[in-house]
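>>> A structural model of the following input is requested.
(chains A and B)
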Protein chains: 2
Amino acid sequence: MPVPSLPLIVDPDSPTSLQRQIVEQIRRLVAGDALRPETPLPSIRRLAGDLGVARNTVVQAYERLIAEGYLEARPQVGTFVAKVPPASARLPEGADAGGGEGALPACQFQGRRHHIFPAAKRAAIDFRVGRPDPWSFPFNRWKRLLAACLNRASVQLTEYGDPQGLSALRQAIADKVAPMRGIAVEPSQVIITVGIQEAINLAIQAFVSPGSRVVVEDPCYQGAAYALQRAGAMVSAVPVDDGGLRVDLLPPGPVRLIYVTPSHQYPLGGVLSLERRRSLLEWARATGALIIEDDYDGDFRHENAPLPALAALDGLNSVIHMGTFSKSLGAGLRIGYMLVPKPIAAALTDLKALLNNGNSWLEQAALADYIGSGAYGEHICEIRTLYRRRRDVLVAAIGRAFGDSDVTGCDGGMHVAWHLPPDMPDAAVLAERLQMQGVAVYTLGTGGAAAFGPDSQWPRTLLLGYVAVAEPDIERAVELMARERLPRPRPQHSDYQI
Amino acid sequence: MPVPSLPLIVDPDSPTSLQRQIVEQIRRLVAGDALRPETPLPSIRRLAGDLGVARNTVVQAYERLIAEGYLEARPQVGTFVAKVPPASARLPEGADAGGGEGALPACQFQGRRHHIFPAAKRAAIDFRVGRPDPWSFPFNRWKRLLAACLNRASVQLTEYGDPQGLSALRQAIADKVAPMRGIAVEPSQVIITVGIQEAINLAIQAFVSPGSRVVVEDPCYQGAAYALQRAGAMVSAVPVDDGGLRVDLLPPGPVRLIYVTPSHQYPLGGVLSLERRRSLLEWARATGALIIEDDYDGDFRHENAPLPALAALDGLNSVIHMGTFSKSLGAGLRIGYMLVPKPIAAALTDLKALLNNGNSWLEQAALADYIGSGAYGEHICEIRTLYRRRRDVLVAAIGRAFGDSDVTGCDGGMHVAWHLPPDMPDAAVLAERLQMQGVAVYTLGTGGAAAFGPDSQWPRTLLLGYVAVAEPDIERAVELMARERLPRPRPQHSDYQI
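Below you'll find the predicted structure:
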């Protein structure tokens, strides 16, 4: 099959070499999808003839593009656009792939960004998941704490600190935070991280290799699922129900790591029973799996006493427990922590040092004082009361408007999952309609959850983070939702997939 | 060969199962090197007999230890301690490998920790490299800036921010910091990182795969060398001289990435000439290499005008430029930035989001105000004057005490490299002797440098970070050093290697 020539123009009078002109233009054609993957390129002889350049110029241009991953040579056949051209080749419109000097090697990163930062305009009433009440943040005390830390600072701002985290903060967590989950831990087992997201990465980088078998809940937190996928893990997803992970469906071993959210399953909100916790630990022992316990919102139990964390039941032997101040104080602090088995504390600290040399000092110091003084514990109690009240208002409002409703995750945490009744549109449609009325609600996807298996309930599930929404706004929003009822209920078992 | 039995003691009355007791004790023997790699273990029959337990108990214990990577089964031969037992097995003395329930899979992380955090007791006079003057930190203004940011804060502390970094800070860097290096850049090309160390990791994770060929300077910054080694890169090290990287010794391509410190070579301090910069860019174009330009202390030029950054010469096409506020303000802030080619800004931001959801808000906000107001520029000018004075005092003191001395890296930055005269002991010996007198000086290794080739000059090089040491202390320290002169000079060409 004769291969058409390329729409290239070369200028022998340009200060840019002919070879470079060819390279840049082909790069741009591939980047702009003008040359699609696997398209054959003209032969060297042909292109050299078309352009009036030496064959060697085309040879070198092709070699360069092959080295960069834009083209592929198939011996005895010819040169083709690569099956998967470099990620960096997919340019946003208007961007310039090769307007200047030099070029980029192919970017290896093929991961997905999880939904964490609201790119869209803020809604007047926002049920974003994982967003604490901004007005409950202890601004005045925080200001005083920061000033006090700065007043007594000598070299802490100007020098590197312990990459494991500020000693005083690790002590405060061991003394006052871990015991709230029943976990006995020494400060040497506490590692301060840039949120739970970094803790997840540290665990993955220490324990997961390409091909490692790992287990997650289905659905689960995008930030964990995407990070595991990026690490090349073979991910098995185990369904959850109202009681959290279906431990009866856990696969046989060997499994390297399991990522779970026992205190309030993310996103559906189930609480793992003591019985299931014990089964999970037993399964982990049998399969050799390390358990990652993500306790992202375990500060908030609205009913009953909290169950002991997996790390507490296990004595921190085969469990890494991850907590955060993103929910109790705010995600803007970017302070989380991991409680780790003793034998791996040093290796994980070395890894943290190699990643970013540790967290910043000032807010660690303020937080250590805040926890140490007991004020943090009081703060949690206060906002727990507020959050419980808002949960009650939301559940009652849904009950009034929709009758007996299927809302899960009410026992704790900061959000619920509402499995929409049949006379409501799908979650994505509802979210879009409410957005126009200044109310933001979230689907599993936009709420930061990743789903694995086919499950017709997913498009019917709405995530509502209620703790940052004032009570009258909660009631107003539910009223607006009620107006979106369909004239005729949709069929209950939809084939529609997210 | 009969295999000796093992020094195990099992207690049938213990609440811990017999199998578990065996597993834990063998783990501890391996961890403590009491059982060395490849040591044969007693047969199942033999050990069961010795301990008076059921054979199946030993079978299960061995199987468990094999699964954990402590032991290896060689069919038809027997069971042996693994060639490479889990890294987590190498316990610090006194640690307890398996005191409780469950066990850990093997930790994959095999990297080294770079020297960044001083574990030792602080010396009265400390020439630590990369440590800005703590008393020059603008404490009062910083306190006011933080308070002002908190006063106007609404949801920034409680919600996730843009993982690329606070928009105002990216704007401030594009407007006021990048131009100091001659770099024209848009805020969309700025990514805020947890120091340069994180920026290095983002670049590595985006561009380096196991086996990727990369080039570094020799010697170079440990934090970069170790991170590259951990990523599985094939590292070629190119020597440096007083003029920085020996661009004439760069290897032929293809090369994926080169890591360089052109404005003040780390650790030896050479400044890459404009001519070498141009050769380097040309080489990168020819080999397809991405250039990582680590501008860790480029704020401080003591002689002549600064040369344009590689990123400036290249127009940010095949260069990622990394800067930090660790040197101009303080490492305790953990704020650095990378200026990146447009086509990869989105991918690197996604990667940063997946790593840790972005930096904390408050200090980003304060820094944006500080830079925006022009105060940051004034601060740099002030400390530059102070730092230059301290450099002058140090160089003069060495000159007085030692005559015509070989000190490199004086033209800029915050430290110099002193190539010790023949009548001085090796750097490590000198450092040890001075430590006892309350003065901390650094070898290439303890100063955070990694060396690759054999070079007899390395043990003879002392790194002196002078900017945080008061002038009288500098003079006092050099006097103490002069007292360490050897009665007879050591031979000039030593075979001694670090």
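>>> hmm, stretch A:44-56 touching chain B?
No. For stretch A:44-56, no contact with chain B is found by CB under 8 Å from any CB of the partner chain; the gap never falls below 14.9 Å. C-beta coordinates here come from the backbone N, C-alpha and C atoms, glycine included.
>>> for the stretch 51-200 of chain A, which spans come out with low pLDDT?
The model of the stretch 51-200 of chain A has pLDDT under 70 over residues A:87-102, A:119-120.
>>> List the contacts of A:Pro183.
One correction, residue A:183 is Ile, not Pro. Residues near A:Ile183 by CB atoms under 8 Å, 6 or more residues apart in numbering or on different chains: A:309, A:311-312, A:316, A:321, A:339.
>>> and those near chain B, which?
Within the contacts of A:Ile183, those near chain B by CB under 8 Å from any CB are A:Leu316.
>>> ok, the contacts of A:Ile183 vs B:Leu29, which is closest?
Nearest to B:Leu29 out of those is A:Leu316 (CB to CB; 22.3 Å).
>>> How about the backbone phi and psi for that closest one?
phi 50, psi 50 (degrees, to the nearest 10).
>>> correct me, but it touches A:Ile344?
No. A:Leu316 is not in contact with A:Ile344 according to CB atoms under 8 Å; the separation is 10.3 Å.
>>> which helix in chain A runs the most residues?
helix A:375-402 (DSSP state H).
>>> Alongside chain B, which residues does the stretch 351-498 of chain A contribute?
Going by CB under 8 Å from any CB, the residues of the stretch 351-498 of chain A near chain B are A:351, A:353-363, A:468.
>>> Check which helix or strand the most centrally placed residue in chain A maps to.
Computing the C-alpha centroid of chain A and ranking residues by CA atoms, centre = their mean puts A:Gly223 first, at 1.9 Å. A:Gly223 belongs to helix A:222-230 when assigned by DSSP states H and E.
>>> May I have the strands that pair with the helix or strand following that helix, each with its orientation?
The helix or strand immediately downstream of helix A:222-230 is strand A:234-241, counting by DSSP H and E. Next to strand A:234-241 in the sheet, as set by DSSP bridges, lie strand A:213-218 (parallel), strand A:244-245 (antiparallel).
>>> Could you check the angle the longest one makes with helix A:222-230?
Relative orientation of strand A:213-218 with respect to helix A:222-230: 150 degrees, computed using axes from the mean of the first three to the mean of the last three CA atoms, to 10 degrees.
>>> Report the buried residues of strand A:213-218.
A:213-218 (16 or more other CB atoms under 10 Å in any protein chain shown).
>>> And the average pLDDT for it is what?
For strand A:213-218, the mean pLDDT works out to 96.
>>> contacting residues around that strand?
A:208, A:224-225, A:228, A:233-240, A:244-245, A:250-251, A:254-261, A:265-266, A:289, A:451-453.
>>> For A:Val319, list each beta-bridge partner.
A:Ile291.
>>> Repeat that for the one 4 residues further on.
Applying DSSP bridges to A:Gly323 gives these bridge partners: A:Tyr337.
>>> Please tell me how far A:Gln189 sits from A:Pro179.
Plainly put, A:Gln189 is 14 Å away from A:Pro179 if you go by CB to CB, to the nearest Å.
>>> cool, and A:Gln197?
Distance from A:Gln197 to A:Pro179, by CB to CB: 25 Å.
>>> Compare the two (neighbour count), which wins?
A:Gln197 (28 against 13; other CB atoms under 10 Å in any protein chain shown).
>>> which ones are touching the nearest residue to that one once chain neighbours are set aside?
Spatial nearest neighbour of A:Gln197, excluding adjacent residues (CB to CB, 6 or more residues apart in numbering or on different chains): B:Asn357 at 4.7 Å. B:Asn357 sits next to A:116-117, A:194-195, A:197-198, A:223, A:331, A:334, B:160, B:163 when contact means CB under 8 Å, 6+ apart.
>>> How about A:Asp126?
Taking CB under 8 Å, 6+ apart, one finds A:118, A:439-440, A:468-469 in contact with A:Asp126.
>>> For it, name its beta-bridge partners.
A:Ala440.
>>> Can you show me the helices along the stretch 51-200 of chain A?
Under the criterion DSSP state H, counting those that start in this stretch, the stretch 51-200 of chain A carries helices at the ranges A:55-68, A:139-152, A:167-172, A:195-207.
>>> Tabulate those helices in JSON lines, adding columns for distance to B:Pro138.
Listed next are the helices of the stretch 51-200 of chain A as JSON lines, based on distance: least, CB to CB, whole Å:
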{"stretch": "helix A:55-68", "distance to B:Pro138": "46"}
{"stretch": "helix A:139-152", "distance to B:Pro138": "11"}
{"stretch": "helix A:167-172", "distance to B:Pro138": "24"}
{"stretch": "helix A:195-207", "distance to B:Pro138": "28"}
